[in-house]
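*Asks:* have a look at this prediction, sequence included:
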Amino acid sequence: MPVVEWLHALEQTRISEVVRESAFPYIEGTHVLGLSLSVGMIAWVDLRLVGATMRTRPVSEVYESVQGWMLAGFCLMFVTGALLFVAHATKAYESVFFRAKVAFLLLAGINALIFHWTVNHRTTSWNDAPVPPTAARVAGLTSLVLWLSVIAAGRLFAYDL
């Protein structure tokens, strides 16, 4: 079955109808709250990695203080985003803004993985430094840019519906 036919069938499901006909604004609002929570917490860590804020606090302490909220926001954002996708799967698939949003999300995930597999393993040597090493600053700045891009593409997609 071609992708477009599968997406059209997905839009015909009962959950898709419920989301589209009565729950869409509530789910969309919850999605934005989850995004705000997740990206807000990520931004705290990224700004610390860049060396722009909280220079007297260890990077690990900043991360540990927001980790739970960041994960909760991400889970909320992911579930509500999936529901919103189901409601308009064909339009999402065909939208350049939605595709950009997904690409930026994947790049943000790859950036986080690379950071955790490489730079983060050496955190003990720079954890207390007011300005982390260049690799950490690049990872933090890249994360900020990618998450802002996710938000921008998501808003442009919402206006495109």
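*Replies:* Looks like it came in fine. This one's a predicted model, so the numbers in the text were calculated from it and none came from an experiment. Numbering: from 1, shown residues only.
*Asks:* for the rest of this, base every contact and every neighbour count on C-alpha atoms.
*Replies:* Fine.
*Asks:* output the longest helix belonging to the chain.
*Replies:* helix 59-87 (DSSP state H).
*Asks:* flag every buried residue along it.
*Replies:* Going by neighbour count (16 or more other C-alpha atoms under 10 Å), the buried part of helix 59-87 is 59, 62-63, 66-67, 69-71, 73-77, 80-81, 83-87.
*Asks:* and stretch 109-126, by the same measure?
*Replies:* For stretch 109-126, by 16+ other C-alpha under 10 Å, it's 111-112, 115, 120, 123.
*Asks:* check stretch 42-62 too.
*Replies:* In terms of neighbour count (16+ other C-alpha under 10 Å), stretch 42-62 has its buried residues at 42-51, 54-55, 58-59, 62.
*Asks:* alpha carbons of that stretch, as CSV, please.
*Replies:* This file holds the C-alpha atoms of stretch 42-62, laid out as CSV (Å, rounded to 0.1, in the frame of the first residue of the first chain):
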residue,chain,number,x,y,z
ILE,A,42,16.5,21.9,27.2
ALA,A,43,17.3,25.6,26.7
TRP,A,44,18.4,25.9,30.4
VAL,A,45,20.9,23.1,29.9
ASP,A,46,22.0,24.5,26.5
LEU,A,47,22.5,28.0,27.8
ARG,A,48,24.7,26.5,30.6
LEU,A,49,26.6,24.5,28.0
VAL,A,50,27.2,27.7,25.9
GLY,A,51,28.4,29.4,29.1
ALA,A,52,25.7,32.1,29.0
THR,A,53,24.0,31.4,32.3
MET,A,54,24.4,29.7,35.6
ARG,A,55,28.2,29.7,35.4
THR,A,56,28.7,28.9,39.0
ARG,A,57,26.6,25.8,38.9
PRO,A,58,28.1,22.5,37.6
VAL,A,59,26.6,21.4,34.2
SER,A,60,25.6,18.0,35.7
GLU,A,61,23.7,19.8,38.4
VAL,A,62,21.8,21.9,35.9
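*Asks:* on that earlier part again, give me the subset of the buried residues of stretch 109-126 lying in strands.
*Replies:* Secondary structure from DSSP state E places none of those in strands.
*Asks:* any idea which of those is closest to residue 161?
*Replies:* Closest approach to residue 161 among these (C-alpha to C-alpha): residue 111, at 29.3 Å.
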